[in-house]
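Asks: Have a look at this prediction, sequence included:
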Amino acid sequence: AQSVTQLDSQVPVFEEAPVELRCNYSSSVSVYLFWYVQYPNQGLQLLLKYLSGSTLVESINGFEAEFNKSQTSFHLRKPSVHISDTAEYFCAVSEGAAGNKLTFGGGTRVLVKP
Amino acid sequence: DGGITQSPKYLFRKEGQNVTLSCEQNLNHDAMYWYRQDPGQGLRLIYYSQIVNDFQKGDIAEGYSVSREKKESFPLTVTSAQKNPTAFYLCASSPKTVRTSGTYRNEQFFGPGTRLTVL
């Protein structure tokens, strides 16, 4: 069975500083990887996804994540954060043969300080 | 304007009462899901449905029930058997798994959530 571990439950960071959110997964088959963002009292929004091809994927608002198969990781990074990036971030994994089911990590709460 | 709606946003119930949470989507998605979110535990899958009139238990189905009589609707009932029902409930949907250029699309789209508080 697949599992997802987000190593940091909370990450405080100053505005304009870089941030990295770590995500590791366990699976014995090919996987598809996702990062979702959740603002307070809202649903989840897709930030970016890796399905195949280039291992580095980017979002429209400056986030990027790199799929590393050998380390079974999909860490999320942003070189310079804004106050508006304060949110909770979830890493999720889907095994392709299992259809659309997702397994989520426990989430990382990012607090951007001025 | 396509999307997923959940109602109500906040719901209060007395202990021992059943309560039904609504989830509607107009994205023409085949699959729908219910998750429960508790602080520090991420999202846990309660039930999911890949097609009308069929659904499967997720990881924490005990104390919950669902129906899928229409493609657009996937209501969740929290029964009195659920030991700790206070939580944030999220509904999601996804298109049928399709093969595009050798990959499967598995993206899920989420509703705004319902916060249930049992008093």
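Replies: Sure thing, it's come through. The structure displayed is predicted, hence computed values, not measured ones.
Asks: residue contacts, the residue of chain B found nearest chain A?
Replies: Distance from chain A to each residue of chain B (CB to the nearest CB) is smallest for B:F110, at 3.8 Å. Every residue, glycine included, has its C-beta placed from N, CA and C. The contact partners of B:F110, by CB atoms under 8 Å, 6 or more residues apart in numbering or on different chains, come to A:36, A:43-45, B:4, B:90-92.
Asks: give me the beta-bridge partners of it?
Replies: B:A92 (DSSP bridges).
Asks: what does chain A put close to chain B?
Replies: Within reach of chain B by CB under 8 Å from any CB of the partner chain, chain A has these residues: A:4, A:6, A:9, A:32, A:34, A:36, A:41-46, A:49, A:51-52, A:90, A:94, A:96, A:99-102, A:104-107.
Asks: chain center to stretch B:51-61, what's the gap?
Replies: On the basis of CA atoms, centre = their mean, to the nearest Å, the separation between the geometric centre of stretch B:51-61 and that of its chain is 10 Å.
Asks: OK, contacts around the residue most central in space within chain B?
Replies: With distances taken as CA atoms, centre = their mean, the residue of chain B nearest its centroid is B:W34 (2.1 Å). Remark: with contacts taken as CB under 8 Å, 6+ apart, B:W34 is in contact with B:21, B:23, B:45-48, B:58, B:64, B:66, B:74, B:76, B:89-92.
Asks: and the residue of chain A nearest chain B?
Replies: A:G43 (3.8 Å).
Asks: so where is chain B shaky, pLDDT-wise?
Replies: Per-residue confidence of chain B (counting by pLDDT under 70) places the weak regions at B:1-2, B:97-106.
Asks: quick one: terminal-to-terminal distance for stretch A:66-80?
Replies: End-to-end distance for stretch A:66-80: 17 Å, by CA to CA, to the nearest Å.
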